[in-house]
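>>> could you look at this predicted model? Sequence included:
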Amino acid sequence: MLVVDDLSKQFGSLKACDKIALDILSGEIHALLGENGAGKSTLVKMLYGVLDPGDGAIFWQGRPVSIENPKAARELGIGMVFQHFSLFESLTVAENIALALDHAGSLDEVATSARDLSRSYGLPLDPDMHIADLSVGERQRVEIVRTLLQDPKLIILDEPTSVLTPQESEGLFETLEKLRSEGRAILYISHRLEEVRRICDRATVLRNGRVTGTCDPRAETAVSLARMMVGSDVKPVSAAAIHGGGEIRIELDALSLPARSPFAVSLKDVSLVVHAGDILGIAGVAGNGQNELFDVLSGEVRARVPQSVRLFGHNVGRTGISGRRLIGAAFVPEERNGHGAVGDLHLSQNLVLSRHRSDSKALLAWGPIKRIRGPVAKAMSRAVMEAMDVRAPNDDPLANALSGGNLQKFIVGRELDRQPQVLVVNQPTWGVDAGAASRIRQALIDLAAQGSAVIVISQDLDEIFEIASRVAVLSHGRLSRDEAIADMTRERIGLMMGGLFDAPGAHHAGEGLSDAH
């Protein structure tokens, strides 16, 4: 169906794609694997007309084509579902679908077509619902149905299960198998190697912009696939050193917070306790209050009652983020670009932004005018880069010069370098490759093993089971009682993530919560 021949793309001195050769067959699910910065995004953007190839050729059904823009890609029969959704929350499902169709009929016709198609592919949708009222899994159905209404022969899926519960992922896999049986081709990008092994027929692996191999993932292990991606063995994560049970470091006491916007989530009577040496994993589907919980833990949003948030026994509900950092807390937000780092500033300057209060004696020279000690900031930044294996074009690059995974390693490392006694991190390995994820997860475990209290807010159940000592589930702004990770299963957590706090074995965690669902 599609052949890529010596496709290349260069940005300045960086060769993002270097003579890539790839073929995709009708009726196959083809995985595209690689580390962050390997060239996957650049490649699929060229296939979908977002970027112009520098060199090489693309053949569609045997003939050479020039894909000038996404509209041209859709007309050929190429559709794409991006990792980050492009939906207007204030519009209905039908309105969002109509906006993306090149030849849409009336809104009623679009709604009827969407309803019929969604039923036939096991992706039930109500075209009259507003996007703001849908779960993340339902929003992804909208994206997929919108793409399928364009009748694509090739569908590109970028990290499609990253925001889904296990049950929703199973439903997606059934849909993909139906699409494959119809002769459609699927190019599947994922860092979740076990699901690649399960559903993909072939895999092409990229490293440093080059194809390093093609394989049958069903004949490989997750370990061997990771080795092909990074060029060496990925060190397994070990949580054996976590003991927990120390003094209480983090407390939320019946915290409630109204939604800050029509599309935000209100927190309702949230309580938790985290001890020194523990990692509390907070599971949940995106959009259930994770960002709101992080903001109130970090102090970016103040609680209404000072004692509803306590760190080290201090009432800090009305204390800002700098005040919380000064007593030994650190925070890593979900969004690395713009929130965790400023793209147009150097890494050393980004370090100063987050640590100018907690490390003022080292970073600032005092006098008539307060000055930043640039060499000190650069030395601290280089130490973080070395400790976290941050790969960069020079020793103090701009933040936006790094791949997503390398920037994430720097942001996490910048906070770990302080050896905080409390760390709250939101989606620590979002969109990063296996090697970077392993390094970040081990660093969090090592911090807890040294006696720090850690909260990890994550949509990745594999991550929670790998590193957490205890787990709670956030759904519709309410938090279940935390339990030992050894007493939980993925299926049970998945049901609770979907709002079933009274799932078998979980009735005590969701007592009194049925009115929220």
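Done, it's in. Source: prediction; values computed, not measured. Numbers count the residues shown, from 1 in each chain.
>>> okay, CA-based contacts and neighbour counts for the rest of this
OK.
>>> now do the spatially most central residue of the chain against Ala472, distance only.
Geometric centre of the chain, nearest residue: Trp430, 2.8 Å, by CA atoms, centre = their mean. Using CA to CA, to the nearest Å, one obtains 19 Å as the distance from Trp430 to Ala472.
>>> check contacts around the closest residue to Asp344 other than its chain neighbours.
The shortest distance from Asp344 to any non-neighbouring residue, by CA to CA, 6 or more residues apart in numbering, is to Leu398 (5.9 Å). Leu398 makes contact with 343-347, according to CA atoms under 8 Å, 6 or more residues apart in numbering.
>>> assign Val237 to helix, strand or coil.
Three-state call for Val237 (DSSP: H, G, I helix; E, B strand; the rest coil): coil.
>>> give me the pLDDT value at it.
Predicted confidence (pLDDT) at Val237: the value is 82.
>>> that one touches Ser438, doesn't it?
Yes - Val237 lies in contact with Ser438 (CA atoms under 8 Å); the separation is 6.1 Å.
>>> these two: which has the busier surroundings?
Legend: neighbour count by other CA atoms under 10 Å for Val237 and Ser438, higher for Ser438 (19 against 16).
>>> do I have it right that Lys178 meets Ser120?
No - counting by CA under 8 Å, Lys178 does not reach Ser120; the two are 9.8 Å apart.
>>> closest one of the contacts of Leu398 to Leu87?
Among the contacts of Leu398, Gly343 lies closest to Leu87 (CA to CA), at 24.9 Å.
>>> spit out the contact partners of that closest one.
Listed by CA under 8 Å, 6+ apart, the contact set of Gly343 reads 337, 398-401.
>>> would you turn these into JSON lines with pLDDT and secondary structure?
What follows is those, written out as JSON lines (pLDDT from 0 to 100; DSSP: H, G, I helix; E, B strand; the rest coil):
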{"residue": "Asn337", "pLDDT": "83", "secondary structure": "strand"}
{"residue": "Leu398", "pLDDT": "94", "secondary structure": "strand"}
{"residue": "Ala399", "pLDDT": "94", "secondary structure": "helix"}
{"residue": "Asn400", "pLDDT": "89", "secondary structure": "helix"}
{"residue": "Ala401", "pLDDT": "85", "secondary structure": "helix"}
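>>> by neighbours, which of the residues you listed wins?
That'd be Ala399 among the contacts of Gly343, by other CA under 10 Å, with 26 neighbours.
>>> show the pLDDT at the residue of the chain most remote from its centre.
Computed with CA atoms, centre = their mean, the residue of the chain farthest from its C-alpha average is Pro368, at 44.8 Å. pLDDT recorded at Pro368 is 80.
>>> what helix or strand is it located in?
In this structure, Pro368 sits in neither a helix nor a strand according to DSSP states H and E.
>>> and if you look at Arg180?
Using DSSP H and E, Arg180 falls within helix 166-181.
>>> and after that helix, which helix or strand comes next?
Counting by DSSP H and E, what follows helix 166-181 is strand 185-189.
>>> can you list contacts of that following strand?
So strand 185-189 is contacted by 1, 24-33, 153-160, 176, 179-180, 200 (CA under 8 Å, 6+ apart).
>>> just stretch 317-325 next, same as before
Under the criterion CA under 8 Å, 6+ apart, residues 296, 298-311, 316, 330, 357-358 lie in contact with stretch 317-325.
>>> same deal with stretch 97-110?
Residues external to stretch 97-110 that are found in contact with it (CA under 8 Å, 6+ apart): 71, 94-95, 142, 146, 149-150.
>>> report the contact partners of the closest residue to Val237 other than its chain neighbours.
Using CA to CA, 6+ apart and skipping residues adjacent in sequence, the residue nearest Val237 is Gln442, 5.6 Å away. Counting by CA under 8 Å, 6+ apart, Gln442 touches 237-239, 467.
>>> hmm, back to that, format the contacts of Leu398 as CSV; extra columns: pLDDT, distance to Gly244 and secondary structure.
Formatted as CSV, the contacts of Leu398 follow (pLDDT from 0 to 100; distance: CA to CA, whole Å; DSSP: H, G, I helix; E, B strand; the rest coil):
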residue, pLDDT, distance to Gly244, secondary structure
Gly343, 92, 37, coil
Asp344, 95, 40, coil
Leu345, 96, 38, coil
His346, 96, 37, strand
Leu347, 97, 33, helix
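>>> put the buried members of these into a ChimeraX selection.
A single ChimeraX command selects the buried members of the contacts of Leu398 (16 or more other CA atoms under 10 Å):
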select :343,345,346,347
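>>> of the contacts of Leu398, which is the nearest to Val230?
Distance to Val230, by CA to CA, is smallest for Leu347 among the contacts of Leu398, at 24.2 Å.
>>> only alpha carbons, please: show stretch 456-465 as PDB.
Provided in PDB are the C-alpha atoms of stretch 456-465 (Å, rounded to 0.1, in the frame of the first residue of the first chain):
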ATOM      1  CA  VAL A 456       3.300   9.700  41.400                       C
ATOM      2  CA  ILE A 457       0.100  10.700  39.400                       C
ATOM      3  CA  SER A 458       0.100   8.400  36.400                       C
ATOM      4  CA  GLN A 459      -2.300   7.100  33.700                       C
ATOM      5  CA  ASP A 460       0.100   4.200  33.100                       C
ATOM      6  CA  LEU A 461      -0.800   1.200  35.100                       C
ATOM      7  CA  ASP A 462       2.400  -0.600  34.200                       C
ATOM      8  CA  GLU A 463       4.300   2.300  35.700                       C
ATOM      9  CA  ILE A 464       2.200   2.300  38.900                       C
ATOM     10  CA  PHE A 465       2.600  -1.500  39.400                       C
END
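>>> if we can go back for a sec, mind picking the two most distant members of the contacts of stretch 97-110?
Maximum pairwise distance in these, criterion CA to CA, is 19.8 Å, between Lys71 and Ala94.
>>> those two: which has the busier surroundings?
Ranked by neighbour count (other CA under 10 Å), Lys71 and Ala94 place Ala94 first, with 26 against 18.
>>> and the contacts of stretch 317-325, which are buried?
Among the contacts of stretch 317-325, the ones that count as buried by 16+ other CA under 10 Å are 296, 298-299, 301-303, 305, 307-311, 316, 330, 358.
>>> so which of the residues you listed belong to helices?
296, 298 (DSSP state H).
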